[in-house]
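> here you go, sequence then predicted model.
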There are 2 protein chains.
Amino acid sequence: MFIFFVTSIQTMGTAERKAKEKEELKNLILQAARKLFAENGIEQTTIRNIAQEIEYSVGTVYVYFKDKNEILHHLHIQGFKQLGGDMRVLASVDDPMERLRALGRVYLRFAIENPDMYELMFSMKAPMEFLETLHNQEWNEGKATFDFLRTTVNQCMEKGHFKGHELEALSFTIWSATHGMASLHINQRIKGVNLCGPETMLDRAYDELVMLINRA
Amino acid sequence: MFIFFVTSIQTMGTAERKAKEKEELKNLILQAARKLFAENGIEQTTIRNIAQEIEYSVGTVYVYFKDKNEILHHLHIQGFKQLGGDMRVLASVDDPMERLRALGRVYLRFAIENPDMYELMFSMKAPMEFLETLHNQEWNEGKATFDFLRTTVNQCMEKGHFKGHELEALSFTIWSATHGMASLHINQRIKGVNLCGPETMLDRAYDELVMLINRA
DNA sequence: AAAGAAAATGAACATCGTTCAATATCTACA
DNA sequence: TGTAGATATTGAACGATGTTCATTTTCTTT
């Protein structure tokens, strides 16, 4: 599919080096973007800020990324890699019910510690809009994360839990409940609704969910 | 605190009329904003659009509203009034468990039918940021809505359900689960995760939640 | 060393929310 | 009824944003 016009034996060496340099700069942009996100939030981070951070011009950023959505999409993938890593730690937990309960706590901790990243992954339009510009591209990151949950729920079922429930729908319900807590917390919708601190409320609420799940 | 300099007997009449006219124009702006929201979405709706819709200048909008956040906050209140009205219909349902189950369906239907309004009410920063600019102002809209849920859950407890659960935390958990479904649906995070249509998935997932609740 | 390819630049454009001096309209009273 | 003062409305202008692209700079090959 790709045709390279090779004009000499040495050309291939420099071409590889150039490709590596391009990749490095691309990563440098993403790294700067992520740093500025963590420092000032996504909304406050502009293309000009990113360019200034890596000491390149604005136009250069657009040489390496089609638009801001593509940058956000790449960071959204990085976020899923981090969350995936956090979740894989639980692979060592043998009892599926215990793993399921721990999974939600890992998920919630990730959301609380990386609120901007979480919003990018599960709320913002930008990364999904970029996904739509690609043809036939599916949301593999979300799929993989959900698969981990579904597999765990399935193992719970095999052990006799969740009788009468549907695997797919129940997994989605559990995801929804946990995501809902994270979402309401990040979007500051807990404030004013209860008396205790929002993080305490999250822990208590998750305990309630666990109680509901344990019964089934 | 407010001092009116009244210069004649008739002054009060015209002052009232003026106040009413101001109120009417304010409502006209909100009405136009809401119409444009429904037509083109919140993100695509600009102050200039709103001004053009009501055939006033841009500056006029800023005479009646401090900034865009204030407009969004007013519409966010309107949304809660509508949702509150939808929910109050269920006051006639005697059995609290039945009312609780129906409450979630009403909530989900509202979210699906008014996605932009829902986002404004439960996700966007703007209305909460405006709330913070006010002095000592709490999120009364959210409180009132949550109270309806908490009251219902409390009545369920009085009938012997949810033994061992905490009222406040369990209510929040149920809200989270339902909100999570709405949020994932509106933010297009269901696509690609499952095979069936997203709305079918929502119904199935809510049924699973109901099963969990019924057991407790 | 020079020509051609590749990379980097930053001024310029359209649009956004927002401001405010200037203008237009209306009100109250002689 | 006419006029001064209050009130309401205007829209050009500002700064910031994402984005584009003709131009310039740098690198590569011969």
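Alright, I've got the coordinates.
> residues touching the closest residue to A:Cys156 other than its chain neighbours, list them.
The shortest distance from A:Cys156 to any non-neighbouring residue, by Cβ to Cβ, 6 or more residues apart in numbering or on different chains, is to A:Pro96 (4.5 Å). (C-beta placed from N, C-alpha, C; glycine too.) Going by Cβ atoms under 8 Å, 6 or more residues apart in numbering or on different chains, A:Pro96 touches A:152-153, A:155-156, A:158-159.
> show me those residues that map onto helices.
In helices, judged by DSSP state H, the following of the contacts of A:Pro96 are found: A:152-153, A:155-156, A:158.
> buried ones among those?
Among the ones in helices among the contacts of A:Pro96, the ones that count as buried by 16 or more other Cβ atoms under 10 Å in any protein chain shown are A:152-153, A:155-156.
> pLDDT added to those, as TSV?
TSV is the format used below for those (pLDDT from 0 to 100):
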residue	pLDDT
A:Thr152	98
A:Val153	98
A:Gln155	98
A:Cys156	98
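> so where's chain A shaky on pLDDT?
Counting by pLDDT under 70, the ranges of chain A that qualify are A:1-13, A:15, A:18.
> please parse it into its domains.
As recorded under automatic domain parsing, the domains making up chain A are A:16-65, A:69-215.
> indicate whether the first one makes contact with DNA strand D.
Yes: interface with DNA strand D: domain A:16-65 contributes A:17-18, A:44-49, A:58-59, A:62 (Cβ under 7 Å from any atom of the strand).
> before we move on, the earlier item: closest to chain B out of the ones in helices among the contacts of A:Pro96?
Closest approach between these and chain B, by Cβ to the nearest Cβ: A:Val153, at 10.6 Å.
> of the residues of domain A:16-65 next to DNA strand D, which belong to strands?
Among the residues of domain A:16-65 next to DNA strand D, no residue falls in strands (DSSP state E).
> list just the nearest of these to DNA strand C.
A:Gly59 (1.9 Å; Cβ to the nearest atom of the strand).
> quick one: contacts for that closest one?
Residues in contact with A:Gly59 (Cβ under 8 Å, 6+ apart): none are found.
> any idea how far it lies from B:Thr200?
46 Å (Cβ to Cβ, to the nearest Å).
> do A:Thr46 as well
Look at A:Thr46 and B:Thr200: by Cβ to Cβ, they are 40 Å apart.
> likewise for A:Leu90?
Per Cβ to Cβ, A:Leu90 is found 30 Å from B:Thr200.
> all helices for chain A, in order.
A:11-40, A:47-53, A:58-64, A:68-88, A:96-113, A:115-122, A:126-133, A:140-158, A:167-186, A:198-215.
> deepest of the ones you listed, which one?
helix A:167-186 (a mean of 25; mean count of other Cβ atoms under 10 Å in any protein chain shown).
> packing partners for it?
When contacts are defined as 3 or more Cβ pairs under 8 Å, 6 or more residues apart in numbering or on different chains; DSSP states H and E, helix A:167-186 sits against helix A:96-113, helix A:115-122, helix A:140-158, helix A:198-215, helix B:167-186, helix B:198-215.
> I'd like those as JSON lines, with distance to DNA strand D appended.
Shown next, in JSON lines, are those (distance: least, Cβ to the nearest atom of the strand, whole Å):
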{"stretch": "helix A:96-113", "distance to DNA strand D": "24"}
{"stretch": "helix A:115-122", "distance to DNA strand D": "14"}
{"stretch": "helix A:140-158", "distance to DNA strand D": "21"}
{"stretch": "helix A:198-215", "distance to DNA strand D": "29"}
{"stretch": "helix B:167-186", "distance to DNA strand D": "22"}
{"stretch": "helix B:198-215", "distance to DNA strand D": "27"}
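> out of the ones you listed, nearest to A:Ala38?
helix A:115-122 (7.0 Å; Cβ to Cβ).
> got the contact list for the closest one?
Contacts with helix A:115-122, where a contact means Cβ under 8 Å, 6+ apart, come from A:37-38, A:41-42, A:72, A:75-76, A:79-80, A:82-83, A:110-111, A:126-127, A:141, A:179, A:182-183, A:186, B:183-184, B:187, B:189.
> work out the gap between it and the centre of the chain.
7 Å (Cα atoms, centre = their mean, to the nearest Å).
> need the CA coordinates for that helix. PDB is fine.
Taking C-alpha atoms only, helix A:115-122 is exported to PDB below (Å, rounded to 0.1, in the frame of the first residue of the first chain):
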ATOM      1  CA  PRO A 115     -10.900  13.800  37.200                       C
ATOM      2  CA  ASP A 116     -10.000  15.600  34.000                       C
ATOM      3  CA  MET A 117      -8.700  12.300  32.500                       C
ATOM      4  CA  TYR A 118     -11.900  10.600  33.600                       C
ATOM      5  CA  GLU A 119     -14.000  13.200  32.000                       C
ATOM      6  CA  LEU A 120     -12.000  12.900  28.800                       C
ATOM      7  CA  MET A 121     -12.500   9.200  28.800                       C
ATOM      8  CA  PHE A 122     -16.200   8.900  29.700                       C
END
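> now do that helix against helix A:126-133, angle only.
On the basis of axes from the mean of the first three to the mean of the last three Cα atoms, to 10 degrees, helix A:115-122 is oriented at 30 degrees to helix A:126-133.
> quick one: helix A:115-122 to helix A:140-158, angle?
Here helix A:115-122 runs at 80 degrees with respect to helix A:140-158, directions being taken by the same axes, to 10 degrees.
> show me what contacts the residue in chain A that chain B sits nearest to?
Proximity of chain A to chain B (Cβ to the nearest Cβ) peaks at A:Gly180, 2.9 Å away. Listed by Cβ under 8 Å, 6+ apart, the contact partners of A:Gly180 are B:175-181, B:183.
> quick check: it vs A:Glu166, distance?
According to Cβ to Cβ, A:Gly180 and A:Glu166 sit 20 Å apart.
> thinking again about what came up before, can you put the helices of chain A in JSON lines and add distance to B:Leu209?
Listed next are the helices of chain A as JSON lines, based on distance: least, Cβ to Cβ, whole Å:
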{"stretch": "helix A:11-40", "distance to B:Leu209": "33"}
{"stretch": "helix A:47-53", "distance to B:Leu209": "42"}
{"stretch": "helix A:58-64", "distance to B:Leu209": "44"}
{"stretch": "helix A:68-88", "distance to B:Leu209": "23"}
{"stretch": "helix A:96-113", "distance to B:Leu209": "15"}
{"stretch": "helix A:115-122", "distance to B:Leu209": "19"}
{"stretch": "helix A:126-133", "distance to B:Leu209": "25"}
{"stretch": "helix A:140-158", "distance to B:Leu209": "14"}
{"stretch": "helix A:167-186", "distance to B:Leu209": "5"}
{"stretch": "helix A:198-215", "distance to B:Leu209": "9"}
